[in-house]
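Participant: Following is a predicted model, sequence given first.
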Amino acid sequence: MFAKAHLQTALLLVQAYKGEMPFVHYAKQYFSSHKKHGSRDRRQILQLCYAYFRMGQALPEWPAEKRILTGLFFCSTEPNALLQALEPVWNEQASMPLEMKCELAGCKITDLTIFPFPGQMSDEPDQLAFAVSHLVQPDLFIRIRPGFEEYVIKKLDKLGISYSIPEPGSVRLPNGFSVEEHFTLNQQVVIQDLSSQRVGRIMRAAHDYYQMAEEFRIWDCCAASGGKAIMAKDMFPSALLTVSDIRSSILENLRRRFKEARIFEFESLVVDLSVATPLIPRQDLIIADVPCSGSGTWSRNPENLATFDKAEITRYAELQRKIIGNAMRKLQPGGLLLYITCSVYRDENEENVNHFLSNYPLELVSQQFISGYSEKADNMFAAIMKHI
Ligand SMILES: C[S@@+](CC[C@H](N)C(=O)[O-])C[C@H]1O[C@@H](n2cnc3c(N)ncnc32)[C@H](O)[C@@H]1O
């Protein structure tokens with residue numbers, strides 16, 4: 001009976017939500033003005049809402065209630081109490097392959113065009129596999145900081161949890177594992193998606209290929225709280241690091257994280273790169289992990305699958321061009337520009353790289369779609385360009 005009431009609340013929420021803020025904040029506001037929902041109710045309602053969002057653009061002609069239930073069925077990998085209460089016949093088949101679930105639900109797997117604007121995507125992903133990957137919540141990944149490899153693995157073994165090592169230094173953990181309870185966050189390990197860690201390997205390869213000195217200048221020009229910057233410092237400890245971001249509050253987070261990470265020597269500054277270039281020396285490596293649609297990470301915030309506005313792709317692509325235009329003024333001849341997005345849209349990725357190559361003295365070293373969708377990880381794009 002509660003499940004049916006929760007379904008009605010979820011229906012109300014998903015139909016009222018228009019993408020005005022992250023859904024988690026929207027739902028929080030709703031629950032704070034509707035105190036009758038206890039924590040178990042809230043969990044179930046949210047589960048139903050997210051099941052709906054994970055259906056994204058698929059089967060738009062189906063009524064919203066049916067899309068919630070179908071989403072719940074498709075997202076369930078084993079029988080569970082909520083599905084049992086709402087669709088007991090489907091619950092018995094919860095572990096079936098997706099193709100068979102589709103038959104049972106009255107659709108075909110090719111109807112699962114979950115992802116918005118697939119025609120705008122970079123060529124790389126297999127569109128259907130990519131679309132249905134959004135039915136699954138990605139895993140949690142940590143990067144082990146240099147010197148703590150043995151300690152972390154021993155501790156994970158001792159805890160007896162199920163983990164795996166997709167690549168040396170990376171650990172895949174079950175969602176819900178409390179990293180901070182067991183490790184000193186940022187000192188021993190950093191929470192960082194697998195694809196983001198792979199960007200580090202691209203950075204390392206380019207550095208080694210060009211035989212750059214170990215002591216060189218790095219500028220992380222869109223640093224946020226410093227995920228890429230900490231990784232860069234772990235790879236090149238003697239590099240002279242500058243970090244900047246448009247938001248001073250996020251740089252405060254960065255400074256706290258850097259302290260925990262025992263990184264004390266760096267310059268930090270607030271700068272809006274869409275309109276200005278900071279007064280800093282020319283750099284050997286600029287890391288530009290630019291603001292983007294985030295479309296490669298929508299498995300983590302699936303409400304975007306249902307609400308994303310196409311005009312945002314152009315808005316981001318233009319902002320990215322402005323940012324690179326100003327950052328370029330500080331790239332040393334012979335230096336490297338590492339352009340990164342967590343987008344799957346061509347305009348933010350390959351098209352922007354073409355624009356940079358045509359407008360600045362740059363040559364392409366490599367560009368790569370870092371595909372995470374088949375590994376329960378994010379999807380990213382990275383291009384390395386050299387100042388000629
Ligand atoms: C994708 S995030 C960077 C993530 C970060 N590199 C990491 O690994 O954790 C992009 C950052 O760009 C910043 N940003 C947005 N617009 C900007 C601008 N005009 N100038 C400089 N930074 C900007 C945002 O505040 C955000 O922190």
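Facilitator: Yep, it's here.
Participant: contacts and neighbour counts: CA atoms only from here.
Facilitator: Fine.
Participant: just how off-centre is the helix ranked longest in the chain within its chain?
Facilitator: Longest helix in the chain, counting residues (DSSP state H): helix 311-328. On the basis of CA atoms, centre = their mean, to the nearest Å, helix 311-328 sits 19 Å off its chain's mean C-alpha point.
Participant: Which other helices and strands does that helix contact?
Facilitator: Packed against helix 311-328 by the contact rule (3 or more CA pairs under 8 Å, 6 or more residues apart in numbering; DSSP states H and E) you find helix 350-359.
Participant: Check which residues of the helix or strand that contains Tyr339 are buried.
Facilitator: Per DSSP states H and E, Tyr339 falls inside strand 331-341. Residues of strand 331-341 classed as buried: Leu331, Gln332, Gly334, Gly335, Leu336, Leu337, Leu338, Tyr339, Ile340, Thr341 (neighbour count, 16 or more other CA atoms under 10 Å).
Participant: Now distance to the ligand too, for those, in TSV please.
Facilitator: Output for these, formatted as TSV (distance: CA to the nearest ligand atom, whole Å):
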residue	distance to the ligand
Leu331	16
Gln332	19
Gly334	23
Gly335	19
Leu336	16
Leu337	14
Leu338	11
Tyr339	11
Ile340	8
Thr341	7
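Participant: Closest one of those residues to Met203?
Facilitator: Checking these against Met203 by CA to CA gives Leu338 as the nearest, at 7.5 Å.
Participant: how about the strands of this structure, start to end?
Facilitator: Taking DSSP state E as the test, the strands found in the chain are 140-144, 170-173, 189-191, 217-220, 240-245, 267-270, 283-289, 331-341, 362-370, 380-387.
Participant: what lines up beside the fifth one in the sheet?
Facilitator: Think strand 240-245. With DSSP bridges as the test, strand 240-245 is paired with strand 217-220 (parallel), strand 267-270 (parallel).
Participant: Kindly reformat the strands of the chain as TSV containing mean pLDDT.
Facilitator: What follows is the strands of the chain, written out as TSV (pLDDT from 0 to 100):
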stretch	mean pLDDT
strand 140-144	98
strand 170-173	98
strand 189-191	98
strand 217-220	97
strand 240-245	98
strand 267-270	98
strand 283-289	97
strand 331-341	97
strand 362-370	96
strand 380-387	97
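Participant: out of these, which comes closest to Asn301?
Facilitator: In this view, those are compared for proximity to Asn301 by CA to CA, and strand 140-144 is the closest at 14.0 Å.
Participant: List the buried residues of the closest one.
Facilitator: Residues of strand 140-144 classed as buried: Leu140, Phe141, Ile142, Arg143, Ile144 (neighbour count, 16+ other CA under 10 Å).
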